[in-house]
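Enquirer: how would this look folded up:
(one chain, ligands or ions: 1)
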Amino acid sequence: MTTTAPAAQAPAGNPWHDAREQLDAVAGKMGIDPGMREVLRHCKREFTVNFPVKMDDGTVRVFTGYRVHHNEARGPVKGGLRYSLNVSLDEVRALAMWMTWKCAVAGLPFGGAKGGVIVDPRALSTGELERMTRRFAAEIGMLIGPDADVPAPDMGTDAQVMAWIMDTYSMMHGHSAPAVITGKPVSIGGSTGRVEATGRGVLFVTQEACRARGMALEGATVAVQGFGNVGATAAKLLGEAGAKVVAVSDSEGAIYAADGLGDIAALVERKRTRGLIPDGHPGTHITNAELLELPVDILVPAALEGQIHGGNAERIRAKMIVEGANGPTTPEADRILAQNGVYVVPDILANAGGVIVSYFEWVQDLQSFFWEEHEVNLRLERIIKRAFQEVADIHAGAGGTLREAAYMLAVRRVVEATQSRGIFP
Ligand code: NAD
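Expert: So this is what the prediction gives:
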């Protein structure tokens, strides 16, 4: 499992302000009724828990965690759990809102949620991590459930963490409940293809974006920020599709080789055993900031939010940005990139592969009927490419940015659902 950087490297700015600004811009353009806009600007539920955990040395530590539901008009809420020192209520709110739009863009029957714990999971032993996870699962147990709220992995969490949560929830209810969480190991109801789903989705949307721009993916140079689940998979699959991956990074820094970094699968193994950055790596050691400004065809930010901002957007030289991470580009940067003709495939479309296959996992668990991996990948490809086309069609008609087009599609779907249901009572 990879983890977030120390707090000192936390992104500047406030993702919740960014998320609301993105919504406001599109709601204004769409002429959304002020009351409806207020509904969409708020998270429906915001749950904070402070909970004790027994540490290995016998002391007790209190951790703070959150689970936020943004909107459930379209179905049970869905969204990941993040373990990081940078977790805050505003970050979780933003991520929950983005999940609402992401599920709607992909046409999934889910609303948006997110959660997290303020912790550096690398600083805990396996036992401490398990006890903290189980206690957190028990604390948010009143919110989660197969028909209500279905969490998934995000930064700093993985299939093992999902397994502990599934087991804790199942113990609390007296029966196995695999559909309460996705991103589990296949042995307990996980889906084939889930681990690679977000990175594979990044590949599919990059293929579509290249087609839309008349650009060849074969031979295109690619820089990827973040070398965890999303970044490493995207780098590997883009490399296999013929792109030339010239730079990758993690929280320790980046490596760059203008002629290409070669075998990405070997780099993944190297990161697992020795770390990405130590001496002897293929290429030059550069900073994460330098990676973002490399003269590449395609930039894939796949780490944290707020990485491309007003302070560096003018220096971005990539022709295309495919947002593997959630919220990597601030609204101010978006405006600068648009002026400079950079084609940005927004997060709510570009990284939807994870939640699409999470949806497949949930469906398989509810039916206790499991699919072959090629079936999962094929259905993922079909749904994410359809979503890209729907967004591209709106973009062709309405102009503006691809992000605005994706928001228009998502907001329209959520508004339709809210209006059909009506305002209770
Ligand atoms: P992860 O924990 O597996 O990997 C995160 C990577 O980012 C690690 O390599 C870490 O070293 C690196 N990183 C951390 N801080 C960094 C910094 N300051 N600069 C550069 N790199 C840094 O997490 P992940 O699951 O790959 O998630 C990455 C992003 O993708 C997040 O924004 C997450 O919300 C988003 N996302 C994840 C999924 C999923 O299915 N896992 C789905 C959709 C979106």
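Enquirer: SS state for residue 417?
Expert: The three-state label given to residue 417 by DSSP: H, G, I helix; E, B strand; the rest coil is helix.
Enquirer: which ones are touching it?
Expert: 73, 74 (Cβ atoms under 8 Å, 6 or more residues apart in numbering). Every C-beta, even on glycine, is put in place using the N, C-alpha and C of the backbone.
Enquirer: any residue of stretch 238-248 touching the ligand?
Expert: No - using Cβ under 6 Å from any ligand atom, stretch 238-248 stays clear of the ligand, with a minimum separation of 8.8 Å.
Enquirer: tell me the pLDDT at the residue in the stretch 101-250 of the chain positioned nearest to the ligand?
Expert: The stretch 101-250 of the chain approaches the ligand most closely through residue 228 (1.7 Å), counting by Cβ to the nearest ligand atom. Predicted confidence (pLDDT) for residue 228: 94.
Enquirer: mind starting the numbering at 27 from now?
Expert: Taking 27 as the first residue, the last one we looked at is residue 254.
Enquirer: tell me which residues touch residue 229, please.
Expert: 260, 263, 264, 267.
Enquirer: and the contacts of the helix or strand harbouring the first one?
Expert: For residue 260, the element it lies in under DSSP states H and E is helix 255-266. Contacts of helix 255-266 with the rest of the structure, by Cβ under 8 Å, 6+ apart, involve 28, 179, 184, 221-222, 224-226, 228-229, 232, 243, 248, 250-251, 253, 271, 274, 290-291, 293-294, 297, 324, 326, 328-329, 348, 350-351, 377, 380.
Enquirer: pretty sure the residue of the stretch 127-276 of the chain closest to the ligand sits against residue 181.
Expert: Yes - using Cβ atoms under 8 Å, residue 254 is in contact with residue 181, at 7.0 Å.
Enquirer: show me what counts as buried in stretch 205-220.
Expert: 205-210, 214-220 (16 or more other Cβ atoms under 10 Å).
Enquirer: coming back round to it: neighbour count: residue 254 and residue 181, which is higher?
Expert: More crowded of residue 254 and residue 181, by other Cβ atoms under 10 Å: residue 181, with 26 against 23.
Enquirer: what sits closest to the more buried one if chain neighbours are left out?
Expert: Nearest-residue entry for residue 181: residue 108, 4.9 Å, with adjacent residues in sequence omitted and distances by Cβ to Cβ, 6 or more residues apart in numbering.
Enquirer: list the contacts of that neighbour.
Expert: Counted by Cβ under 8 Å, 6+ apart, residue 108 has contacts 30, 117, 118, 121, 140, 141, 142, 143, 180, 181, 182, 183.
Enquirer: what about the fourth one, neighbour count?
Expert: I take that to be residue 121. 30.
Enquirer: could I get the full set of helices for the stretch 77-226 of the chain?
Expert: Using DSSP state H, counting those that start in this stretch, the helices of the stretch 77-226 of the chain run over 115-132, 152-165, 185-199, 223-239.
Enquirer: could you see whether the ligand lies near the longest one?
Expert: Just to be clear, that refers to helix 115-132. No - using Cβ under 6 Å from any ligand atom, helix 115-132 stays clear of the ligand, with a minimum separation of 6.5 Å.
Enquirer: kindly export that helix (C-alpha atoms) in CSV.
Expert: Output in CSV follows, covering the C-alpha atoms of helix 115-132 (Å, rounded to 0.1, in the frame of the first residue of the first chain):
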residue,chain,number,x,y,z
LEU,A,115,-13.6,17.7,6.5
ASP,A,116,-13.4,20.1,3.5
GLU,A,117,-11.3,17.6,1.5
VAL,A,118,-13.9,14.9,2.2
ARG,A,119,-16.8,17.1,1.3
ALA,A,120,-15.2,18.0,-2.1
LEU,A,121,-14.4,14.4,-2.8
ALA,A,122,-18.0,13.4,-1.9
MET,A,123,-19.4,16.0,-4.3
TRP,A,124,-17.1,14.9,-7.1
MET,A,125,-18.3,11.3,-6.6
THR,A,126,-21.9,12.5,-7.1
TRP,A,127,-20.9,14.0,-10.5
LYS,A,128,-18.7,11.0,-11.4
CYS,A,129,-21.4,8.4,-10.9
ALA,A,130,-23.9,10.6,-12.8
VAL,A,131,-21.5,11.1,-15.8
ALA,A,132,-21.0,7.3,-16.0
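Enquirer: by how many degrees do it and helix 223-239 diverge?
Expert: Counting by axes from the mean of the first three to the mean of the last three Cα atoms, to 10 degrees, helix 115-132 points 60 degrees away from the direction of helix 223-239.
Enquirer: helix 115-132: which residues count as buried?
Expert: Buried residues in helix 115-132, counted by 16+ other Cβ under 10 Å: 115-132.
Enquirer: tell me the pLDDT at residue 296?
Expert: Reading off the model, residue 296 has pLDDT 86.
Enquirer: do the one 5 residues further on as well
Expert: The predicted local confidence for residue 301 comes out at a pLDDT of 84.
Enquirer: now do residue 27
Expert: We note a pLDDT of 40 for residue 27 in this prediction.
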